[in-house]
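Enquirer: Got a predicted structure plus its sequence, pasted below:
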Amino acid sequence: MEQCNISLIVFIGNRRKRFKSNRYDIIVKLYRKIKQEIPEAQLYFMDHRYPHGPEEIRPPKKNTYWCPYCAAYRKFKSWYKYRICEICLVSDNDFNVKKYNQLFSKRKEKSS
Ligand SMILES: [Zn+2]
């Protein structure tokens, strides 16, 4: 089975939908189509193959972390014992989220 590592996340009002594919061109086509048909939709790409590091380091705001898959600073909201990106839903338990937000040491201190 092929992995679907590219997502297009669409917000229309309060509704959220996620389209997945392993082909970038399909996602781009879909992006253009939705943009045209639903101008009020908010669209976000997420690429799980290549996590991105932050280009500029911003002072951390409360509940805001660098999301390597959205390639942007995002609000992370509480979800069970984790916090998850409000756009792509990746959790702060993800290796790359930890890596780019220096969360390794903090978690260790807490659990001891
Ligand atoms: Zn994200």
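Expert: That came through, no problem.

Enquirer: I'd like the distance between N96 and the ion.
Expert: Counting by C-beta to the ion, to the nearest Å, the gap between N96 and the ion amounts to 11 Å. Bear in mind the C-beta positions are built from the backbone N, C-alpha and C, glycine included.

Enquirer: Ignore what I typed, I meant E55.
Expert: For E55, the distance to the ion under the criterion C-beta to the ion works out to 16 Å.

Enquirer: Tell me which stretches of this structure form helices.
Expert: In the chain, the segments counted as helices under DSSP state H are 24-37, 95-100, 104-111.

Enquirer: could those helices go into a markdown table alongside mean neighbour count and mean pLDDT?
Expert: Listed next are those as a markdown table, based on neighbours: other C-beta atoms under 10 Å; pLDDT from 0 to 100:
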| stretch | mean neighbour count | mean pLDDT |
| --- | --- | --- |
| helix 24-37 | 13 | 93 |
| helix 95-100 | 17 | 94 |
| helix 104-111 | 9 | 57 |
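
Enquirer: I'd like the ones you listed laid out as TSV, including distance to D47.
Expert: As requested, these are arranged in TSV below (distance: least, C-beta to C-beta, whole Å):
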stretch	distance to D47
helix 24-37	8
helix 95-100	12
helix 104-111	23
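
Enquirer: quick one: P60 and V10, what's the gap?
Expert: Counting by C-beta to C-beta, to the nearest Å, the separation of P60 from V10 is 28 Å.

Enquirer: can you list the residues that contact stretch 62-69?
Expert: 46-48, 51-54, 72-77, 83, 85, 87-88, 90, 92, 96-97, 99-101, 103 (C-beta atoms under 8 Å, 6 or more residues apart in numbering).

Enquirer: circling back to that earlier point, P60 and V10: who's more crowded?
Expert: Just comparing P60 and V10: by other C-beta atoms under 10 Å the higher neighbour count belongs to V10, 19 against 12.

Enquirer: got a list of what that one touches?
Expert: Contacts of V10 (C-beta under 8 Å, 6+ apart): R16, K17, R18, F19, I34, A41, Q42, L43, Y44.

Enquirer: in the sheet, who's paired with it?
Expert: K17, L43 (DSSP bridges).
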